[in-house]
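> Sequence and predicted structure, then a few things I'm wondering about:
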Amino acid sequence: MPPRSLVLSAASLCAGGLAALVYFSGSDLVLLREHLNHPFAFGVLACLLMASAAVGLRRMWLRAMIIVLAGLGASAALCGGWMALVFASAEEVGFVDGPVPYRVRLQRSMAGFGPDTVMWLSVRRDGGLLSREWELGCFNDDVPDDAFDSVMWTGPRSVEIRVADGRTFPVSLEAASGRPWATVTLNC
């Protein structure tokens with residue numbers, strides 16, 4: 001096997017490993033979550049690198065088999081990425097600033113093909129490259145009384161979430177890390 005194929009094979013394994021790592025384990029670091037959370041793109045890259053590595057192989061049947069398998073894998077990753085974009089894409093609604101260094105991030109997404117929307121809340125602890133973010137709550141408005149209404153800070157480490165019918169859900173944050181002690185989920 002030529003050295004070029006060995007390097008491309010190693011790069012393919014690294015890209016595939018990164019895709020699996022990002023897909024199966026979440027990180028609370030904002031830098032990793034926002035910039036490396038693309039498992040399907042890393043999967044396609046791994047398949048393309050493997051097909052490129054196979055071009056240098058001497059055995060024609062092995063070369064053809066690896067290229068076909070890499071093509072099928074890339075097609076599956078592209079299809080999975082497209083489905084993830086259709087069903088799981090969320091738009092940024094804004095932030096609710098709290099005591100420094102905390103803020104609550106609001107995101108909205110569609111709930112499948114229906115008219116329902118899902119509001120995602122997370123608490124972010126700003127710290128430059130080491131900023132962290134944790135899930136705070138999820139609210140689906142398919143039941144009108146359970147729709148998200150507002151969020152406000154009630155103390156240095158406590159948040160209160162209000163839904164449309166007036167119910168409130170207080171959430172406290174850990175003193176050391178800022179991670180919520182509990183999350184609130186309605187119809188998600």
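It's in.
> On the three-state scheme, residue 6 is what?
Using DSSP: H, G, I helix; E, B strand; the rest coil, the structure places residue 6 in helix.
> Tell me which residues touch it, please.
Counting by CB atoms under 8 Å, 6 or more residues apart in numbering, residue 6 makes contact with residue 53. Quick note: C-beta positions are derived from backbone N, CA and C, even for glycine.
> Quick check: it vs residue 13, distance?
Separation of residue 6 from residue 13 (CB to CB, to the nearest Å): 11 Å.
> Restrict the lowest-mean-pLDDT helix or strand in the chain to CA atoms and write it as PDB.
Sorted by mean pLDDT, DSSP states H and E, the helices and strands of the chain end with helix 30-35, the least confident at a mean of 72. What follows is helix 30-35, C-alpha atoms only, in PDB (Å, rounded to 0.1, in the frame of the first residue of the first chain):
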ATOM      1  CA  VAL A  30     -20.000  25.600  23.900                       C
ATOM      2  CA  LEU A  31     -16.900  25.600  21.600                       C
ATOM      3  CA  LEU A  32     -17.300  21.900  20.900                       C
ATOM      4  CA  ARG A  33     -21.100  21.900  20.700                       C
ATOM      5  CA  GLU A  34     -21.300  24.800  18.200                       C
ATOM      6  CA  HIS A  35     -18.300  24.100  16.000                       C
END
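> Quick check: bridge partners of the residue nearest to residue 28 when sequence neighbours are not counted?
Excluding the flanking residues, the one nearest residue 28 by CB to CB, 6 or more residues apart in numbering is residue 132, at 4.7 Å. Beta-bridge pairing of residue 132 under DSSP bridges involves residue 29, residue 125.
> which stretches of this protein form helices?
With DSSP state H as the criterion, the chain has helices at 3-24, 30-35, 39-54, 60-88.
> deepest of the ones you listed, which one?
The highest average neighbour count among these, using mean count of other CB atoms under 10 Å, belongs to helix 39-54 at a mean of 21.
> elements contacting that one?
Judged by 3 or more CB pairs under 8 Å, 6 or more residues apart in numbering; DSSP states H and E, the packing partners of helix 39-54 are helix 3-24, helix 60-88.
> Give me the average confidence score over that helix.
Across helix 39-54, the average pLDDT comes to 90.
> What lies in contact with the least confident helix or strand of the chain?
Contacts for helix 30-35 (CB under 8 Å, 6+ apart): 26-27, 124, 129-133.
> Could you identify the most distant pair in those?
Across the contacts of helix 30-35, no pair lies farther apart than 26 and 129, at 18.1 Å, counting by CB to CB.
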